[in-house]
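1. mind looking at a prediction? Sequence and model below.
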Amino acid sequence: MKLLNVGCGSKFICSEDWINIDIGSKHKCVIEHDITKGLPFPDNNFDVVYHSNILEHLHKKEAEHFIKECYRVLKKDGILRIAVPDLEELAKQYLDKLAKAKNNEQNAEHDYEWIIIELLDQMTRTYSGGLMGEYLNQEKIYNKEYIYNRIGEDGKNLIEYFENNRKNKKQIDKINITKSNSRMKYLFKKSFWKQRILKYLLKEKYQYLKLAEFRSKGEVHQWMYDSYSLQKLLKNTGFLNIEKLFAFKSNIIDWNKYELDVKNGKVLKPDSFFSEAIK
C-alpha cells in the first residue's frame, strides 16, 4: 500500500510505504510543505491518507479545500482517516463540570477551570502556550488525572517538562545561554534590528502586527468539529461509508501496528474522535 501522513509532526514512519509531509520538518523522511497550497501529489495516488489534529488549525474554507485535495490524491476505494478534537465531547465535559462546580462537588472547581481553558484558549490565545500552558506550569495541579484523561501523554509530558524545568532552572538557563552564544551575532543583526525598525515605523500598530503574525503560524485552532459537521464536510466532498470509530479500530489493514493513534495500549489523543471514509 501507499500511505500518506499529512501534518505528521514528530509522528512519522520512515518506510517505502509511507510518505510524510509537514510544514516545518527538516527530517529526511518528511517532505516540507504547506498544505494550504494543496497536496503536491498526482491524482489517484494513495491507498490511505491520514491526518491527526490538523483540520482544526485550518480556516473553514481552507479545510474544505484540503479535504478535496485528500479526495483527489486517494485511489478509488482508498481510505481517509481523520482525528480531530471532539467538540461535542468537549461541550459535554464543560456542561458537566459547570454543573458540578455549581454544586460545590469535590475537585469540580479545578476541573471546570481546566475544561473552560481547553474549550476556549486554543481558539483565542494571543501568545504561545496560552492559558493552557500557564495552567500546566503551576507548581500545584490538583486535577492531574483529569487532565491526563483529557489530553493524554502530551499533557503528562508537558507537566513533567515544567516540573523538571523548575527544579533545574539555573542549570537549564546556563545551558540555553551557552547554546545561544554562537548565534547571538546573527540573531542580533537579523531579528533585533528588524523588530526595532518595524516598531519605529508602525508605532502603536506594531502590537497588531505581532498578534496577526502569531495567529497565522498554526498554533491556534481556527475551527472545531463534531461528528455531524465532519461527516457533512466529507459527504459534500464525495466520500462514502463515513463512520466514527474508536481509536483502536480501523478499516486500514494492520493499522494499529503503525502506532499513530494508539501506543502501548494508550490513545495518544484521547480528546479526539476518529473518522474514516471511502473514496
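-> Nice, I can see it.
2. every contact and neighbour count from this point should use C-alpha atoms.
-> Noted.
3. low-scoring stretches of this protein, by residue?
-> Counting by pLDDT under 70, the chain shows low-confidence ranges at 169-202, 206, 209, 211.
4. can you do 50?
-> The model of the chain has pLDDT under 50 over residues 172-189.
5. so where's the longest strand in it?
-> strand 74-85 (DSSP state E).
6. what pairs with it, parallel or antiparallel?
-> strand 46-52 (parallel), strand 272-278 (antiparallel) (DSSP bridges).
7. what comes into contact with the one helix or strand N236 maps to?
-> Here N236, judged by DSSP states H and E, is contained in helix 227-237. Residues outside helix 227-237 that contact it (CA atoms under 8 Å, 6 or more residues apart in numbering): 64, 67-68, 71, 86, 88, 240, 242-244, 273, 277.
8. kindly report the same for stretch 251-263.
-> Counting by CA under 8 Å, 6+ apart, residues outside stretch 251-263 touching it are 11-13, 48, 79, 247-248, 267-269, 276.
9. can you give me the buried ones in it?
-> Buried residues in stretch 251-263, counted by 16 or more other CA atoms under 10 Å: 256, 259-262.
10. quick one: distance of stretch 76-84 to the chain centre.
-> The chain centre lies 18 Å from the centre of stretch 76-84; the measure is CA atoms, centre = their mean, to the nearest Å.
11. what comes up buried for it?
-> Here stretch 76-84 shows 78-84 as buried, counting by 16+ other CA under 10 Å.
12. hang on, the earlier thing: let me know which of the strands paired with strand 74-85 is the nearest to N137.
-> With CA to CA as the measure, strand 272-278 is the member of those nearest N137 (23.0 Å).
13. for the stretch 101-250 of the chain, what spans make up the strands?
-> 240-245 (DSSP state E, counting those that start in this stretch).
14. show me the helices in it, by range?
-> Assigned by DSSP state H, counting those that start in this stretch, the stretch 101-250 of the chain shows helices spanning 108-124, 130-136, 144-167, 169-181, 184-187, 193-202, 206-215, 227-237.
15. now a ChimeraX select for only the buried ones of the contacts of helix 227-237.
-> Buried members of the contacts of helix 227-237, defined by 16+ other CA under 10 Å, are picked up in ChimeraX with:
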select :64,67,68,71,86,240,242,244,273,277
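16. return the member of the contacts of helix 227-237 nearest to L131.
-> Among the contacts of helix 227-237, and counting by CA to CA, the member closest to L131 is D86, at 19.7 Å.
17. ok, the closest one to I23 distance?
-> In this view, D86 and I23 are 24 Å apart by CA to CA, to the nearest Å.
18. kindly report the same for I147.
-> 28 Å.
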